[in-house]
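J.: need a 3D model of the following:
(chains A and B)
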Amino acid sequence: GAVVSQHPSWVICKSGTSVKIECRSLDFQATTMFWYRQFPKQSLMLMATSNEGSKATYEQGVEKDKFLINHASLTLSTLTVTSAHPEDSSFYICSARDRGRTATNEKLFFGSGTQLSVL
Amino acid sequence: SQKIEQNSEALNIQEGKTATLTCNYTNYSPAYLQWYRQDPGRGPVFLLLIRENEKEKRKERLKVTFDTTLKQSLFHITASQPADSATYLCALGTGFQKLVFGTGTRLLVSP
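T.: Residues are numbered from 1 along each chain as shown, chains lettered A, B, ... in the order given. A predicted model of the protein is given here:
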């Protein structure tokens, strides 16, 4: 099956610093990737849709200047949490669809997630 | 308002029994519904997809039903095993791009 690699798997940073999270599709091209955020025992909340070569589409209530998304190639999207604060501590997960598959191409392939802890 | 509801309490069952998880939704008209498995500290893994015109879908020990009148999906794991212990998420697809997830139900299978 398609593989999505997410890095790093965990990061601890000081308040005020920026953190970059990478999401790569290893064996397929992903023109669209999705970034989710998950708090403990809660659902995945879609933050933004990342489109290769164009600006990301952010969900209501998500600050685009706070969560910078760059999708510079067909296999890489990055999420940068700028000037991180303790309330940004969360589990961030990326996902992508394999558009090359004709069957059940609505399903998402997820990265393994990044646990961000801001001190 | 739009809601996707899954049992927030953990479901505890004994090995070998059938686990049944419920996903109810309101004010959505999904074109399809998906079920994912999520282990602690990991991203979800796709299990099954069922479309609005399908009543039932099976894959090995897994079975999903979809009742668009009741606005409900049931997810069954037969002959459950301790390795099936995880959180199971339902997700609604209202268009090609976005999925909306429920909060998930934690399943614990005891030996």
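
J.: distance of residue A:110 from residue B:81?
T.: Plainly put, residue A:110 is 23 Å away from residue B:81 if you go by CB to CB, to the nearest Å. Just so you know, the C-beta spots here come from the backbone N, C-alpha and C atoms, and that holds for glycine as well.

J.: where does residue A:106 land in three-state SS?
T.: Three-state assignment for residue A:106 (DSSP: H, G, I helix; E, B strand; the rest coil): coil.

J.: on that earlier part again, which one's more surrounded, residue A:110 and residue B:81?
T.: residue A:110 (22 against 12; other CB atoms under 10 Å in any protein chain shown).

J.: which element follows the helix or strand bottoming out on mean pLDDT in chain B toward the C-terminus?
T.: Each helix and strand of chain B was given a mean pLDDT (mean pLDDT, DSSP states H and E); the minimum falls on strand B:99-101 at a mean of 90. The helix or strand immediately downstream of strand B:99-101 is strand B:105-110, counting by DSSP states H and E.

J.: please save the CA atoms from that following strand in CSV.
T.: The C-alpha trace of strand B:105-110 is given here as CSV (Å, rounded to 0.1, in the frame of the first residue of the first chain):
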residue,chain,number,x,y,z
THR,B,105,-14.4,4.3,20.2
ARG,B,106,-11.7,2.4,22.1
LEU,B,107,-12.0,-1.3,21.9
LEU,B,108,-10.4,-3.6,24.5
VAL,B,109,-10.3,-7.3,23.8
SER,B,110,-9.4,-9.4,26.8
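
J.: residue in chain B with the shortest distance to chain A?
T.: residue B:43 (3.3 Å; CB to the nearest CB).

J.: excluding its backbone neighbours, what's nearest that residue?
T.: Spatially, and ignoring its direct neighbours in sequence, residue B:43 is nearest to residue A:110 (3.3 Å; CB to CB, 6 or more residues apart in numbering or on different chains).

J.: what's the answer for residue B:75, then?
T.: In space, residue B:75 is closest to residue B:21, 4.4 Å off (CB to CB, 6+ apart).

J.: list the buried residues of whichever strand or helix holds the one you found.
T.: Per DSSP H and E, residue B:21 falls inside strand B:19-26. By neighbour count on 16 or more other CB atoms under 10 Å in any protein chain shown, the buried set for strand B:19-26 is B:19, B:21, B:23-25.

J.: same check, this time on stretch A:51-60
T.: Result for stretch A:51-60 [16+ other CB under 10 Å]: buried residues A:51-52, A:56-58.

J.: and the helices in chain A?
T.: With DSSP state H as the criterion, chain A has no helices.

J.: what sits against residue B:93?
T.: A:106, B:30-34, B:99 (CB atoms under 8 Å, 6 or more residues apart in numbering or on different chains).

J.: before we move on, the earlier item: ok, residues contacting the strand holding residue B:21?
T.: B:1-7, B:11, B:13, B:33, B:35, B:70-77, B:80, B:84, B:88, B:90, B:92, B:102, B:105, B:107, B:109.
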